[in-house]
Structure formats: C-alpha cells, structure tokens
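Peer 1: Pasted the sequence and its predicted model underneath.
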Amino acid sequence: MRLIVVAIGLLLSGCATLSKDECLLADWQTLGYADGVQGRSPARIDTYRQDCAKHQVTPDLALYQRGHRQGLQLFCRTSNGYEYGRKGQSYQGVCQGDAEADFLLGFDAGRRIYLLEQQVQQTERAMAQNDRDHQQLGNSIRAKEALMFGDEQTPDGRQQLYREISEQRQQQAELLRARTQLEYQLAGLAHQIQQLEQTFSFY
C-alpha cells in the first residue's frame, strides 16, 4: 500500500528529485508511466539514478521504460498535442513514428492559437497603456486650464500654457487614432482565433 502512495505522490508532484524514502519505495513502472504521460524524456531516469545512488538504490530501468512507453501511448495523441500546444508548453520529442505525426498535427494547431492569444494579450496591454496615457494627458490639460485662467497668471504665462495644452490635445488625438488601430487589430486576432478553433474543433 505504501508503495502505491509513494508512486501516486510522485505522479502528482512531478518531482525530479527523489528522497531516500522515495528511492526505497518507488514503483519504477508507475514513475515511468507518470513521466511518459506528461511527455517527459526517458532520460529523466538518469536524474533518479543519481539521486538514489546516494542511498545505495538502483532504479529498475526495464520497469521504468515499460511504464514510460505505456504513458507515451496516452501522451502521443492528436488531442493531447493540441492541448499541449494551446497551453504554450514545449515538446521534448518523445513520440516516435506515426505517433509523433499524430501528436504534432494537434500540437502545431494548438501552438498557432497560443501564439495568436499571446498577441491578443500584448494588444490588450497596449490598449490599457493607451488609456492610461490619455487619462494622464486629460488630467494635465485640466490642471493647466485652471492655471491659465487663474487671476495671478501673467499674459506670457497664459500663452505658454495655451501652447502646452494645444500640444497635449494633439497627443490625445494621436492616442485616440492609435487606440482605434489597436481595436481593429484585436478584432482581427479574435477572428483568426475563432476560425482556427472551428477548424481544429475535432481535436
């Protein structure tokens, strides 16, 4: 029972470093399965070997590799590749032959959507910054207008403030034009994502 608990704990944690108890109690086939189903390289066992050598424990390579192959049967699927790519995760080249072709079919599709979604986030950040800059200019303009019409303001001071206000209003107009372009860009990206999601919905 304790062996199963340890194996499940390693499966959930994805830990690459094993303690003494984990080395002593590890179910190497289950651990291999955990790494395989998560798309990790089988070379990961070299790390386990180094960890466990400190405790005079040698991993069972045959059991680990058997479990890893079983895990890859679930990992190397088109649908899983799509989810992997969609999340922006990296592929370590663990699938082979037709299984890899199936995985990459989904992975490449998901990756395309992921990259577009990254552009959406960048565009949204640019729009938020645009709004902040526009608001700051508005606050500055109102403050300058209050100074310009103040009783203690000199004629030269009013002219200078008027020029500064005019420049800032031009900057506001430029920001509004830029925001319109960002809105068009965002709409275009959303349309591309929608089309791709419809195209790859069977994944």
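Peer 2: Arrived safely, thanks for sending. Predicted model only: the values in this text are computed from it and were never measured.
Peer 1: Output the below-cut-off pLDDT ranges for the chain.
Peer 2: Low-confidence segments of the chain (pLDDT under 70): 1-16, 202-203.
Peer 1: Please enumerate the helices of this structure.
Peer 2: 2-13, 20-25, 28-37, 45-53, 61-75, 78-86, 97-148, 155-199 (DSSP state H).
Peer 1: okay, now D156: neighbour count?
Peer 2: 8 (other Cβ atoms under 10 Å). All C-beta atoms are positioned from the backbone trio N, CA, C, and that covers glycine.
Peer 1: okay, now the domains of the protein?
Peer 2: With domains defined by automatic domain parsing, the chain comprises 2-75, 113-199.
Peer 1: can you put those domains in JSON lines and add distance to Y84?
Peer 2: Shown next, in JSON lines, are those (distance: least, Cβ to Cβ, whole Å):
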{"stretch": "domain 2-75", "distance to Y84": "7"}
{"stretch": "domain 113-199", "distance to Y84": "10"}
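Peer 1: So which of those domains has the densest surroundings on average?
Peer 2: domain 2-75 (a mean of 17; mean count of other Cβ atoms under 10 Å).
Peer 1: okay, stretch 97-111 in PDB with CA atoms only?
Peer 2: Below are the C-alpha coordinates for stretch 97-111, written out as PDB (Å, rounded to 0.1, in the frame of the first residue of the first chain):
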ATOM      1  CA  GLY A  97       6.900   7.500 -36.000                       C
ATOM      2  CA  ASP A  98       3.200   7.800 -36.700                       C
ATOM      3  CA  ALA A  99       2.500   8.600 -33.000                       C
ATOM      4  CA  GLU A 100       4.700  11.700 -33.400                       C
ATOM      5  CA  ALA A 101       3.000  12.700 -36.600                       C
ATOM      6  CA  ASP A 102      -0.400  12.500 -34.800                       C
ATOM      7  CA  PHE A 103       0.900  14.400 -31.800                       C
ATOM      8  CA  LEU A 104       2.500  17.200 -33.900                       C
ATOM      9  CA  LEU A 105      -0.700  17.600 -36.000                       C
ATOM     10  CA  GLY A 106      -2.500  18.700 -32.900                       C
ATOM     11  CA  PHE A 107       0.500  20.400 -31.300                       C
ATOM     12  CA  ASP A 108       1.100  22.700 -34.300                       C
ATOM     13  CA  ALA A 109      -2.600  23.600 -34.400                       C
ATOM     14  CA  GLY A 110      -2.700  24.400 -30.700                       C
ATOM     15  CA  ARG A 111       0.600  26.400 -31.000                       C
END
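Peer 1: Any idea which of the domains of the chain gets closest to F103?
Peer 2: Relative to F103, the nearest member of those by Cβ to Cβ is domain 2-75, separated by 7.5 Å.
Peer 1: just to revisit the earlier point, A101: which of the domains of the chain is closest?
Peer 2: That would be domain 2-75 among the domains of the chain, by Cβ to Cβ, at 14.0 Å.
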